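1. Below are the sequence and a predicted model; questions follow.
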Amino acid sequence: MDFSAFSGETFDPKEWVNEALKAAPASERSGAAADTHASGLVLKLQMFIQEVNNSLEATSTQVVEDLPRVIRSVDMIHQEVGSLKERISVVKEDVERVERDTADSMRLLMQFDEVKGRMEATSGALQEADNWETLSADVDDAFASNDLPRISSTLLGMKRSLMVLLDVPDYAQRQTRLEELQDKLEEVVGPLLAAAFTSRSEDDAKAYIRALQDIEREDRVHEHYVRCHTAAAQQAWTELCRDDTKSLPAILEAFYKVLTDMWHQETTWGAVLFGDEVATVVARLLGEVLQRRIPTVESLLEEDLAAGNPGAEQLERVLQSFKTTVSFAVSVEHHESSLEEALFGPFFSQQRQYRRLQMLELQAAVPTFTQNTGASGTIDQLESEVGVVRGFVPKMVIQMRLAVVHCIELTAGAAASELVFTLNDYITRITTKLLVFTELLTHAADGERGDVSSADWTASESAFGLLEASGQLFTTIGEFETELAERLQLAASATGSETIFSTLYLDSVSGWRDTVKQMAKESQLLADGRKSLQGLNTALHEVAYRTVLAPLKSRLEAVAGADEWTAVGGDTFSLSPLSYITGIGEQLLTLPQQLEPFVAQDESDPLLVALQAGPLPDVLALSADFGGSTVDHWLECVGKQLALLYLDEIFKIPKLSDKGCAQLSADIEYLCNVMSALDISPPPLILQTNQLVAMDSDEFARSVGDLDLPTELTTRVSKMRAA
């Protein structure tokens, strides 16, 4: 039986009893056997309790017997603690007494130590003064013997002596003397060091460098190193510039190859002399070589630009030279500020003129439309020019993308605001050029071009072709604007080492990035360009509408003067429509065929985009929920406008006889039937007019006053019938 559970902190009697009963064999878990098992458990518990009581009694007895001895031990410890406390007090008093008795002696010892220090300093100063005189006398012999290590060590000793003699009256003269000697040493070492650099004598170069380092002229080592190598590079540059067969990019490429070879050679050999500083030293060398070029890159660049096309080629010429320079900067894999300034400094002037250069390039890309459609041109020639316009739209986007590439290549995107300005200007110039077409088509619509007949639909087709091109422009410029924002965001977020030209337009690289990112977030980067495009689109809507109506309108000009309106006598029940209205009807019925090539197939169709961007004049705009096709919309607009124009001509008729009224009613009914055949609802006003002219004189006189018609309409018809 396990009695260890009784000592547990979470002992549960019930749980223990249940577990003990469950531990019994299966044959003893029920009946009399179970009672016997339980009795056995009780007996065992009683025996265990007896054992525990015996153990407790023995332990208590032992404690009672040991208690007097423990009390005596505690008393003894208490007495020892009291004795120790008394001894500590005595020691403390002794220490305090010693401090009082020796204070004066310690103070005197400190004074003696201070005096000793002053005496030693004075002795050292006297020794250094004597050492200065000795070294000053020896240094001339060292120079005479040309013993560089001895000269360096002597000068180093004189410098240490001079640091001690700061307060001597002739300190300034001594310092001047030391500097003159150091200059003299450098004059001796300089040519020798240059010769060692030229011959690549490693041991000699190290010795001469050490001599200059000893007198703290290490910076002069770099100057001698740079001066030694610039002459050869300058000679290579001069020879390249004298070659008239080479362009400036070719000259730069050849010279950068010379510098690249120099970079690799000097970084390998110079690592032995300059250690970890070799990259900085060689970069300084290249920077000096670049800055001392004669003629300068600025002057060569100006000559190159002056020799080329003054327009479009200028930016490309600058970029060719600039990209050659960037390739070299990447190849040397070093971004020392002095080197970068020497490389890119010659281009700062052109980078600041980025807007002018980019505008020249884009202006040269603006085509000369309507070159064959002047005052003597024909509509057929105009139609061919419209095809040129529609083919130009993709080229226009390519040109704008190229402008973005040029901006990033030349200014790393820092001239983003200049780029946006030039792109808007480019779009505006294109739309201004295209506006010339609206003038030509307007002349055609007004019959001012002799080659346009009333039945000629070439002008209308040209107008719709231009309108479709306008929709192409809306779509492509919208897509390009999103692309432009993404490109600018990418340029502003580019990681890595920024070159100096990134700060040409702003005070800091961080400021440039923030500005470009803010511009990229704007959804109206090309707002000015799209505004001019909207003006073009509106003008094209108007002229397209006029060209469609022009041949129809020309047939209405003779309505008011027709003799049929005053005819009398004859049958008034079987009159046929006159030729003017049947001609209009025939042309209306051919309109769907004329407009079919321009039907928009989906929402991205250029013509539908153009229609949605600009409403037609004098009619409701194409709404977003318009359910019909483009042809349906145009037919409805043209039909309703034609009906209103017809009414204007009807009201110009001076007099209507009864037969004339019947004839006019037949004409109006014919037009309404044609419109119905085209699913065009005739305007209510023309139906009301037909109602008034269809009556005979007696019926009109009886019922005109009772009709619920506009007063102005009844008054006009009454005057015509009473005249």
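-> Yep, that arrived.

2. which stretches of the stretch 451-600 of the chain form helices?
-> 458-493, 509-521, 527-555, 579-595 (DSSP state H, counting those that start in this stretch).

3. can you check the stretch 1-150 of the chain too?
-> Residue ranges of the helices in the stretch 1-150 of the chain, as given by DSSP H, counting those that start in this stretch, are 13-22, 31-145, 148-164.

4. tell me the mean pLDDT over the second one?
-> Okay, so that is helix 31-145. The average pLDDT within helix 31-145 is 76.

5. Give me the distance from it to the chain's centre.
-> 70 Å (CA atoms, centre = their mean, to the nearest Å).

6. could you check the angle helix 13-22 makes with that helix?
-> Computed by axes from the mean of the first three to the mean of the last three CA atoms, to 10 degrees, the angle separating helix 31-145 from helix 13-22 equals 110 degrees.

7. lowest-confidence helix or strand of this structure?
-> Within the chain, no helix or strand scores below helix 509-521, which has a mean of 61 by mean pLDDT, DSSP states H and E.

8. pLDDT below threshold where in the stretch 201-350 of the chain?
-> Under the criterion pLDDT under 70, the flagged ranges of the stretch 201-350 of the chain are 201-202, 204, 207-209, 211-219, 221-222, 272-273, 307-312, 333-338.

9. ok, S697 - contacts?
-> D658, R721 (CB atoms under 8 Å, 6 or more residues apart in numbering). (Each C-beta comes from the backbone N, C-alpha and C, glycine too.)

10. per-residue confidence at it?
-> So S697 comes in at 86 (pLDDT).

11. any idea how far V388 is from A469?
-> 10 Å (CB to CB, to the nearest Å).

12. neighbour count winner among these two?
-> Neighbours were counted for V388 and for A469 using other CB atoms under 10 Å; A469 has more, 25 against 14.

13. I'd guessed the more buried one sits against G391; true?
-> No: with contacts counted by CB atoms under 8 Å, A469 stays clear of G391, the gap being 9.1 Å.

14. now T238, nearest residue through space, not along the chain?
-> Nearest residue to T238, sequence neighbours excluded (CB to CB, 6 or more residues apart in numbering): I294, at 7.4 Å.

15. Got phi/psi on that neighbour?
-> phi -130, psi 120 (degrees, to the nearest 10).

16. Quick check: it touching T230?
-> No: I294 is beyond contact range of T230, at 11.5 Å (criterion: CB under 8 Å).

17. So which of these two has more stuff around it?
-> T230 (18 against 9).

18. Not counting its neighbours along the chain, what's nearest the more buried one?
-> Closest to T230 by CB to CB, 6+ apart is V289, at 5.2 Å.

19. buried set for the host helix or strand of the one you found?
-> Secondary structure from DSSP states H and E places V289 in helix 278-291. Neighbour counts over helix 278-291 (16 or more other CB atoms under 10 Å) mark 278-279, 281-291 as buried.

20. Out of those residues, which comes closest to S718?
-> The closest of the buried residues of helix 278-291 to S718 turns out to be L290 (CB to CB; 96.0 Å).

21. How about the contacts made by the closest one?
-> L259, L339, A342, L343.

22. what's the spacing between the first one and L285?
-> With the distance defined as CB to CB, L259 ends up 9 Å from L285.

23. likewise L56?
-> 98 Å.

24. ditto for Q50
-> For Q50, the distance to L285 (CB to CB) stands at 105 Å.

25. How about E302?
-> Relative to L285, and taking CB to CB, E302 is found at 27 Å.

26. The helices of the stretch 451-600 of the chain: which one's closest to V90?
-> Using CB to CB, the helices of the stretch 451-600 of the chain put helix 509-521 closest to V90, at 74.8 Å.
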